[in-house]
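Engineer: The sequence isn't on hand, but the structure is:
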């Protein structure tokens with residue numbers, strides 16, 4: 001099992017509560033948030049992690065070099081911001097597996113990756129998104145799927161009583177992505193998922209697992225309390 005972790009984020013919205021460091025290095029109970037992402041990957045029997053790095057990447061590589069993990073850790077570095085798609089594409093060129101997991105370094109979504117992989121393979125998907133049902137929200141767009149799990153469309157952020165959101169965990173067929181001949185810098189969500197959804201090769205795997213995105217201070221503080229029992 002091979003996984004790309006997107007860890008190049010600036011953490012702009014967290015500047016008021018943490019120092020100027022990559023968002024995945026924001027401390028939670030005296031450990032960087034990335035520690036918990038790695039713990040999740042170890043629990044799911046990951047064999048290799050490829051970090052997609054950018055902003056102040058030395059904070060992350062130094063931490064990796066000072067610790068031991070039950071999997072191999074490699075990395076690629078963006079010389080300039082490439083967007084979510086560009087970061088994935090750069091790391092994907094170093095991947096060895098046919099299908100590669102992709103996670104956000106500032107999000108925990110406790111999805112069973114083995115079950116997600118089985119779903120992906122059964123549906124011959126090019127990309128499978130882990131989806132989370134949310135209630136009374138406006139921070140996220142909505143993903144619409146049919147009865148078979150095939151994704152029909154994506155909808156923009158607005159207040160909703162209920163809907164399925166993109167949890168930021170993917171299983172991507174490497175060659176299908178690279179064959180699209182996308183530019184070096186692009187948005188994975190806009191220029192890949194939304195642009196090619198009509199081909200009906202993207203699927204959504206719905207999970208009720210724990211979900212937390214530390215993009216705003218309120219949820220960053222929530223992590224400190226939640227992780228005492230989650231990890």
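Structural biologist: Sure, I can see it. All of these numbers come straight from a predicted model, not from anything done at the bench. Numbering: from 1, shown residues only.
Engineer: Just the strands from this protein, written as ranges.
Structural biologist: All strands of the chain, identified by DSSP state E, fall at 2-6, 27-28, 31-32, 48-53, 72-77, 99-104, 107-109, 127-137, 142-145, 151-155, 160-173, 202-206, 211-213.
Engineer: what is the orientation angle of the fourth one with strand 2-6?
Structural biologist: Counting by axes from the mean of the first three to the mean of the last three CA atoms, to 10 degrees, strand 48-53 lies at 20 degrees to strand 2-6.
Engineer: tell me which strands and helices strand 48-53 is in contact with?
Structural biologist: Strand 48-53 makes packing contacts with strand 2-6, helix 57-65, strand 72-77, helix 83-92 when contacts are defined by 3 or more CB pairs under 8 Å, 6 or more residues apart in numbering; DSSP states H and E. Heads up, the C-betas are built off the backbone N, CA and C, glycines and all.
Engineer: what's in contact with the first one?
Structural biologist: Counting contacts by CB atoms under 8 Å, 6 or more residues apart in numbering, the residues outside strand 2-6 that touch it are 24, 34, 37, 41, 46-52, 84, 87-88, 91-92, 95-97, 100-105.
Engineer: So for it, mean pLDDT?
Structural biologist: For strand 2-6, mean pLDDT is 98.
Engineer: Determine the angle, from 0 to 180 degrees, between it and strand 160-173.
Structural biologist: Angle, strand 2-6 to strand 160-173, by the same axes, to 10 degrees: 130 degrees.
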